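Colleague: Pasting a predicted model and its sequence here:
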Amino acid sequence: MSEKIQYKLEAFEGPLDLLLYLIQKHKLNICDINISELLDQYTETIKDIENIEDMDGAAEFLEMAARLVYIKTAMLLPRYDDEGEKLRQELQGELIEYQTCKNVAEYLKGRFCGNSIFSRNPMPIEADNTYARVHPSEDILKAYLSALGRKQRKLPPPVEAFSGVVHKRLISVPSRAIILLKRLYRRTRLKWNELFAGSDRSESVAMFLAVLELVKNGRINVSDDNKTVALSDNPRRKQQKEGNESATGTV
């Protein structure tokens, strides 16, 4: 009694699986399939398919047989030779892809060991909140000093930090302007470095601003070489001076 095909059991999972089996059995070249030879072997293998009651499973194998017949017919007719070659290459690609998938599945099957490894479910463990780590005394001291330094950085600065700013006397620009004019009324002309002699930074800044303000108002002039400062001789200042003298004489 001839052996019947098992469609979705251990022997063959489908028509592609059967074709691969025939190619390997008869040592055919999967990259250059002889459709005529493969068709003869395929039809010989499934010749008892009419006796199979499972027609749903057999339909896949019958469909592949019809496909092989069509490819062979197209390749024999000169008019459809290109189409037949295209269909043959398409079937060849499906077989190569199916063989690759089978090889990968076989490799993964060899690495599968889930059914042979069993582990119990994790058991609940009561938490222990006791801190049992022992720290060296040096680490504790470093942590304390670090925390203390961060706290001190957040505190407001002491009053002594502002003593250099708050306790300094304020020098006004108008007072420096009056002092400069009095000196010029006595000497008429002063050297530039004499304006800042014996002055600290605040007094020097105030004097410089006073010079700029007096030059802007036309009260004094600065020489072209920026070495001397003198009273201005503009008519408006002379009129003001004469008016002040007349008022003083009248009184």
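Modeller: Thanks, I have the structure now.
Colleague: give me the number of residues near residue 217?
Modeller: Neighbours of residue 217 under the rule other C-beta atoms under 10 Å: 13. Every C-beta, even on glycine, is put in place using the N, C-alpha and C of the backbone.
Colleague: Give the buried residues for the longest helix along the chain.
Modeller: Counting by DSSP state H, the longest helix found in the chain is helix 81-111. By neighbour count with 16 or more other C-beta atoms under 10 Å, helix 81-111 contains the buried residues 84, 87-88, 91-92, 95, 98-99.
Colleague: how many other residues sit next to residue 66?
Modeller: Counted with other C-beta under 10 Å, residue 66 comes out at 10.
Colleague: actually residue 204, not the one I wrote
Modeller: Residue 204: 16 neighbours (other C-beta under 10 Å).
Colleague: Report the distance from the longest helix of the chain to the chain centre.
Modeller: For helix 81-111, the separation from the chain centroid amounts to 43 Å (computed by C-alpha atoms, centre = their mean, to the nearest Å).
Colleague: packing partners for that helix?
Modeller: Here helix 81-111 touches helix 15-25, helix 55-76, going by 3 or more C-beta pairs under 8 Å, 6 or more residues apart in numbering; DSSP states H and E.
Colleague: cutoff 10 Å now
Modeller: If you count contacts as 3 or more C-beta pairs under 10 Å, 6 or more residues apart in numbering; DSSP states H and E, helix 81-111 packs onto helix 15-25, helix 35-45, helix 55-76.
Colleague: element containing the nearest residue to residue 231 once chain neighbours are set aside?
Modeller: Spatially, and ignoring its direct neighbours in sequence, residue 231 is nearest to residue 184 (4.9 Å; C-beta to C-beta, 6 or more residues apart in numbering). Using DSSP states H and E, residue 184 sits within helix 173-187.
Colleague: now that helix, how far from the chain's geometric center?
Modeller: Worked out by C-alpha atoms, centre = their mean, helix 173-187 lies 65 Å from the chain centre.
Colleague: Then stretch 197-216?
Modeller: How far stretch 197-216 lies from its chain's middle: 55 Å, per C-alpha atoms, centre = their mean.
Colleague: Just put the helices and strands packed on helix 81-111 in TSV and tack on mean pLDDT.
Modeller: As requested, the helices and strands packed on helix 81-111 are arranged in TSV below (pLDDT from 0 to 100):
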stretch	mean pLDDT
helix 15-25	82
helix 35-45	82
helix 55-76	80
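Colleague: So for the residue most central in space within the chain, what's the pLDDT?
Modeller: Most central in the chain under C-alpha atoms, centre = their mean is residue 150, positioned 32.0 Å from the mean C-alpha point. With respect to pLDDT, residue 150 scores 73.
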